[in-house]
Structure formats: C-alpha cells, structure tokens
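Engineer: Sequence first, predicted model second:
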Amino acid sequence: MEKAVLTDKNRFPTEEIVYAHLGRRRTLWDALFAHLRAECPGCTTEWRYYNDGNSWLLNASRKKKTIFWLSLTGTTFRITGYFTDKAGDAIRKSTLPAELKKPFLEEAGPGKLRGITITFRTKADLAHAKTLIALKTA
C-alpha cells in the first residue's frame, strides 16, 4: 500500500498540489469529479486535516450523508465508501468486482460500518467508482 502524501498540516491541498502528485492520473481525478457533479447534485467536497492519520482527506457528501472519503497516495488516489448491513444485497448484486466486495462481505458485525476502497490506476477503476457512488446515493 502506498503512503499518504498530504501530511503537512500547514499546507492545504490546492488543485496545483494535487495535480503535481497525480501526474497522468489527473484525467481519472477530473473524470471522477465531473461524474460526481453530474450524478450527485448538491454534493459538496471539503478537505480536512486529521491528526490521527496525519494527513488531509477529502470528504464528498450530500447533505449529511458521506458519499466517500478520498486520500492521495504516492502518484494515485483512492476513495472509500462506508456501508451498513442494509446495503449488503445491493453490493452483492452490483457490478463491482469480487475483490472490491470481499472486505465488505467478509467483515461481520451488525451495526458496523464496512468500507469498499477503490484505488485509481486505470479507467476500469473509474467505472467501479461510479458504481460505488450509485450505491451510496441510491
């Protein structure tokens, strides 16, 4: 797993800083946020610094519901959506690959939030992210 890169509490992650880390994966970043704006009206994004993880995370939410958390790692980024047991059937039936569903399906515990994480490397990861966003906004 790649290490988080936005660890300086005093350096807000501007677009220029983010793009400098992403390089060619900037197109995946831009496509993700274009999709979020188009398919999730009213969604907001906000960078927050977390002392417990010593890094900046981006929260994408609609009203009070978090759609995903995003972090930059090395030269890529990843998003994690957290789900309750109620989402189990929808996740099982979704087009997400088995390796993405596995952590959610294997972690047991009623009332426990379980995450699905997508690390962006290829265009296929963008398609998976669109599915995750649809699951969160359904």
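Structural biologist: Looks like it came in fine.
Engineer: This structure: strands as residue ranges?
Structural biologist: For the chain, the strands defined by DSSP state E occupy 43-50, 55-62, 65-73, 76-83, 114-119.
Engineer: quick one: which of these is nearest Leu135?
Structural biologist: When those are compared by Cβ to Cβ, strand 76-83 sits nearest Leu135, at 7.0 Å. No exception for glycine: its C-beta is placed from N, CA and C like everyone else's.
Engineer: Low-confidence ranges, this protein, go.
Structural biologist: For the chain, the stretches with pLDDT under 70 are 1-2, 108-110.
Engineer: returning to what we had before: dump the strands of the chain to a markdown table, plus mean neighbour count.
Structural biologist: Shown next, in a markdown table, are the strands of the chain (neighbours: other Cβ atoms under 10 Å):
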| stretch | mean neighbour count |
| --- | --- |
| strand 43-50 | 13 |
| strand 55-62 | 18 |
| strand 65-73 | 19 |
| strand 76-83 | 20 |
| strand 114-119 | 20 |
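Engineer: could the ones you listed be laid out in TSV, adding distance to Thr95?
Structural biologist: Below are the strands of the chain laid out as TSV (distance: least, Cβ to Cβ, whole Å):
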stretch	distance to Thr95
strand 43-50	22
strand 55-62	21
strand 65-73	17
strand 76-83	15
strand 114-119	13
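Engineer: who wins for proximity to Asp30 among these?
Structural biologist: strand 76-83 (11.7 Å).
Engineer: What strands flank that closest one, and is each parallel or antiparallel?
Structural biologist: In the sheet, strand 76-83 lines up against strand 65-73 (antiparallel), strand 114-119 (antiparallel) (DSSP bridges).
Engineer: about what we covered before: quick one: which of the strands of the chain is nearest Thr14?
Structural biologist: strand 43-50 (9.3 Å).
Engineer: Quick one: neighbours of the nearest residue to Ile17 once chain neighbours are set aside, just the number.
Structural biologist: Distances taken as Cβ to Cβ, 6 or more residues apart in numbering put Arg11 closest to Ile17, at 7.0 Å, once the chain neighbours are dropped. Close neighbours of Arg11, defined as other Cβ atoms under 10 Å, add up to 11.
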